[in-house]
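Asker: How does the following fold in three dimensions:
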Amino acid sequence: MKKTLSVVTVIAAALVIGSFLYKNISDFAYLGSVSQNITSKDSNNSESTFNAKKGDNIKFNCNSSVKEGSLKLTLTDSSGKVIHNFKSNKDYSEQVSLDNDGEYILSATYDDFIGNFHVKFR
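Answerer: Take a look at the predicted model:
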């Protein structure tokens, strides 16, 4: 009986820890991300699109390092209206509350850029 109880306790603990790690650490738990590591000057745009509902609070984890050039991190709605501009050359988290149902686009636009960025959101 004690052995069975111990096995059940270990399995339950593993499930709790596993679900915590999946929810809080795994990239699979995110709605999307944009990421680049650029070692020679480049100009381009990376995007990630997602759907959300009015009132959704989306948490953005932003990490970027600008060695040269410029980097602009922007959240827009499907009509092109800028919802939020994120800071670059920083490592931080920020939560954005959305005002409408619909499609949203996270864009990383860079010009003559050397550096890296990784933004993931859920």
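Asker: Check which residues of stretch 98-118 are buried.
Answerer: 98, 104-108, 110, 113-118 (16 or more other Cβ atoms under 10 Å). Where you see a C-beta, it was placed from the backbone N, CA and C, and this is true even at glycine.
Asker: That stretch - what's its average pLDDT?
Answerer: Mean pLDDT, stretch 98-118: 97.
Asker: Dump that stretch to CSV, keeping only the CA atoms.
Answerer: Extracted in CSV, the C-alpha atoms of stretch 98-118 (Å, rounded to 0.1, in the frame of the first residue of the first chain):
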residue,chain,number,x,y,z
LEU,A,98,-6.2,44.5,-27.0
ASP,A,99,-9.2,46.6,-27.8
ASN,A,100,-10.8,44.6,-30.6
ASP,A,101,-11.3,41.1,-31.9
GLY,A,102,-9.2,40.3,-35.0
GLU,A,103,-5.8,39.6,-36.5
TYR,A,104,-2.7,41.3,-35.1
ILE,A,105,0.8,41.5,-36.5
LEU,A,106,4.1,41.7,-34.6
SER,A,107,6.7,43.2,-36.9
ALA,A,108,10.4,43.5,-36.4
THR,A,109,11.7,46.0,-39.0
TYR,A,110,15.4,46.6,-39.2
ASP,A,111,17.6,48.8,-41.4
ASP,A,112,21.4,48.4,-41.8
PHE,A,113,21.1,46.2,-38.7
ILE,A,114,23.7,44.1,-37.0
GLY,A,115,22.5,42.4,-33.8
ASN,A,116,19.8,40.0,-32.6
PHE,A,117,16.3,40.0,-31.4
HIS,A,118,13.8,37.5,-30.0
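Asker: What strands line up against the helix or strand where residue 114 lies, and which way round?
Answerer: Using DSSP states H and E, residue 114 sits in strand 102-121. For strand 102-121, the paired strands and their directions (DSSP bridges) read strand 32-52 (antiparallel), strand 57-77 (antiparallel).
Asker: Which residues does residue 34 form beta bridges with?
Answerer: Under the criterion used (DSSP bridges), residue 34 bridges to residue 119.
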